[in-house]
Structures are given as C-alpha cells and as structure tokens.
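A.B. asks: Just a sequence and a predicted model for now, questions to come.
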Amino acid sequence: MDFFTYDKALLIIRNYIEMGRYSQALDRLSEAMQELPNDAYLLYLTAYCLYKSEEYDNAIACCKSAVDNGFNRAECYHLLSMILVQKDEYKEAERLLLAALELEPQNPDYIAFYGYLKMLTGKSSEALPLINKALEIDPVNLGALQYKFYYYLDMDDSYGIKSKVIEDYFSVSTDESDRFLKAGLLDYHKHDYKAAEENFRQAFQLDPTNKFILKMLDTITRKPRFFYYWKRKIKRSISKQIAIFKVTLKAKWIIFKYSGITKDTEIFVVVPVVLLAVIVVALIILL
C-alpha cells in the first residue's frame, strides 16, 4: 500500500470513528491490515474500535499487539486502562494508568481520566484536584470538562459553581454522541426528564460503552415517574404557602390595626378564620 492510499484509508477510518460508526471503521481497518498486518497505528485504531464495540478481550489483545509493534506505550496503557474500567477491573486499570502517567506525567487526558477513576472507586475527594490539574494544563480538555461536570452534577448550586461548570462543558463541541449527552444533561438539569431520557437514549445508541450515559438512563427510567412529579409539585406548593403566609400576616396586621378588633376578639374570631382560609387555599393548590 503506497503512502497516498494509506493516508486516504486513515482519513476514512478516522471519519467513521468520529461519527461513532465503529463497525464501518473496523471493516476499513480489516481491509488495510490485509496489506499491513503489523502496522502499529492500525492495530491501535482497531483496538479502540473494538473497545467501543464492547469486544473488550479482543481489544486488549489488539492493543498489546500495537505495543509489541512499536506504538506509543503510554497511549496503549491509557486505552487498556479505559477497557479495564469497563470490565470493572479498577485495580489493574489504575496500575496501567499510573504506568502511562510515569511515561507522560503532564498528559491532561491521562490525569483527567485518573480523576474519573478516583470517582468510580469512591475517592471523590482525590478526584477533583486531578481534574483541575488537567484543566490547568489544557483549559479546554474535553475529558476533564466532562469529568468535572459529572463531579458537580448532583451537587448543590448555592455558589453558582455547577452553572459555571455546565457553561464550560457545553462550550466545547465534539462528536454526535456527546452532543446528545450534553443535551440530555441540560434537560436533566432543567428537570425535563422526558426530553432528557430521549437524548440519553440517542447518545447511548451511538456510544454504548459509556457507563455515565447508562447511569443517567437508569436514574430516569428506574425511579417512579411520580417521584419527580411530586417532588416538583411539593417544592412549588411550599413556595406558594410561604408567600400566602406572608400575605396573611400582612392582612391580619391591617385588620387588627384599623378595625378596632380587640386582642380577645382576634384570638377567638380572626385567627381561626385566617387559619381556615389558609387550609382551604392549600387544599386547592394540592388538588
């Protein structure tokens, strides 16, 4: 295969990968490797596509072959670490990722993924410093922004931190799967769970190995829908009741001040009437 044909084949393969069409990419890779069976880069791309196609054991074997044929060791260790995370082999995944970081200690992709691995293993306090370190090296690193978004997703937004993280994350464009994921996360953040579920399903079809997408789908589909409905309804009702209570106190003060009602009359007549009115309004709102 001459250089022009090789370069053209790689362009087509990478386009398929960017579109999430890993089956077509694997077909093209198979054709190219008939002529270049030991090409390290083709072996690495094959391993990546197999990983995205959930053929983890074949992906591991292919990635090891890429290393044996001279491909970048750090890149292969990183890919092997991602594959092992999908197999829930976190200890071995961490070992390989640390090996990658030993070779390239300032690589933001590796550092960010290490932070994500810490999150997966319940060490969230160690995750954020790693993710922030990756962003110091590369402020628009997609992986780091994505993992930071995951970190803050379920947290309180009292200080506007999550809003800023969302803004940073959504400002970086990427492949079609990630666009659906971002749209779903935005819908989820707005409590539009029906739209969020549809976007997550579209994202999952394009990237079935993404555990976070699956987690978000599970969060929406496995919990009873009325939970979200009543949570929002109760929250709105409480806000309305607080407003009604304030208005009631104001009205009560005006009545007491200008009507000449005595303290005894207020206790035995006005207070019960006001309380009854509040109860009636509350029942109307809830029903």
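C.D. replies: Now that the structure is in, tell me what you want to look at. Numbering: from 1, shown residues only.

A.B. asks: Kindly format the C-alpha coordinates of the helix or strand hosting residue 15 as PDB.
C.D. replies: According to DSSP states H and E, residue 15 maps onto helix 3-18. What follows is helix 3-18, C-alpha atoms only, in PDB (Å, rounded to 0.1, in the frame of the first residue of the first chain):
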ATOM      1  CA  PHE A   3       1.600   6.400   1.200                       C
ATOM      2  CA  PHE A   4      -1.300   8.100  -0.600                       C
ATOM      3  CA  THR A   5      -3.600   5.100  -0.400                       C
ATOM      4  CA  TYR A   6      -2.600   4.600   3.300                       C
ATOM      5  CA  ASP A   7      -3.300   8.200   4.100                       C
ATOM      6  CA  LYS A   8      -6.700   8.100   2.400                       C
ATOM      7  CA  ALA A   9      -7.600   4.900   4.200                       C
ATOM      8  CA  LEU A  10      -6.800   6.500   7.500                       C
ATOM      9  CA  LEU A  11      -8.800   9.600   6.700                       C
ATOM     10  CA  ILE A  12     -11.900   7.500   6.000                       C
ATOM     11  CA  ILE A  13     -11.300   5.300   9.100                       C
ATOM     12  CA  ARG A  14     -11.000   8.400  11.400                       C
ATOM     13  CA  ASN A  15     -14.100   9.900  10.000                       C
ATOM     14  CA  TYR A  16     -16.100   6.800  10.800                       C
ATOM     15  CA  ILE A  17     -14.600   6.800  14.300                       C
ATOM     16  CA  GLU A  18     -15.600  10.500  14.800                       C
END
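
A.B. asks: Flag every buried residue along that helix.
C.D. replies: Using 16 or more other C-beta atoms under 10 Å as the test for burial, helix 3-18 gives 6, 9, 10, 13, 16, 17. Quick note: C-beta positions are derived from backbone N, CA and C, even for glycine.

A.B. asks: try stretch 14-30
C.D. replies: Neighbour-count burial for stretch 14-30, counted by 16+ other C-beta under 10 Å, picks out 16, 17, 20, 21, 22, 24, 25, 26, 28, 29.

A.B. asks: coming back round to it: packing partners for the helix holding residue 15?
C.D. replies: Applying 3 or more C-beta pairs under 8 Å, 6 or more residues apart in numbering; DSSP states H and E, one finds that helix 3-18 contacts helix 22-35, helix 40-52.

A.B. asks: Using JSON lines, lay out the ones you listed together with distance to residue 113.
C.D. replies: Below are these laid out as JSON lines (distance: least, C-beta to C-beta, whole Å):
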{"stretch": "helix 22-35", "distance to residue 113": "20"}
{"stretch": "helix 40-52", "distance to residue 113": "13"}
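
A.B. asks: could you dump those helices to CSV with distance to residue 137 and mean pLDDT?
C.D. replies: Compiled in CSV, those are given as follows (distance: least, C-beta to C-beta, whole Å; pLDDT from 0 to 100):
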stretch, distance to residue 137, mean pLDDT
helix 22-35, 29, 94
helix 40-52, 23, 96
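
A.B. asks: right, and those - which one's nearest residue 114?
C.D. replies: The closest of these to residue 114 is helix 40-52. By C-beta to C-beta, the value is 18.1 Å.

A.B. asks: Can you identify the element that follows that closest one toward the C-terminus?
C.D. replies: helix 56-68.

A.B. asks: next SSE after that next one?
C.D. replies: For helix 56-68, the following helix or strand on the C-terminal side (DSSP H and E) is helix 73-86.

A.B. asks: Show me what the following helix or strand past that next one packs onto, helices and strands only.
C.D. replies: Heading C-terminal from helix 73-86, the first helix or strand you meet, by DSSP H and E, is helix 90-103. Applying 3+ C-beta pairs under 8 Å, 6+ apart, one finds that helix 90-103 makes contact with helix 73-86, helix 108-120.

A.B. asks: which one of the ones you listed lies closest to residue 151?
C.D. replies: If you check each of the helices and strands packed on helix 90-103 against residue 151 by C-beta to C-beta, helix 108-120 wins as the nearest, at 6.5 Å.

A.B. asks: who touches the closest one?
C.D. replies: If you take C-beta atoms under 8 Å, 6 or more residues apart in numbering as the criterion, helix 108-120 is touched by 74, 78, 81-82, 85, 90, 93-94, 97-98, 100-101, 104, 124, 126-131, 133-135, 137-138, 141, 143-144, 147, 150-151.
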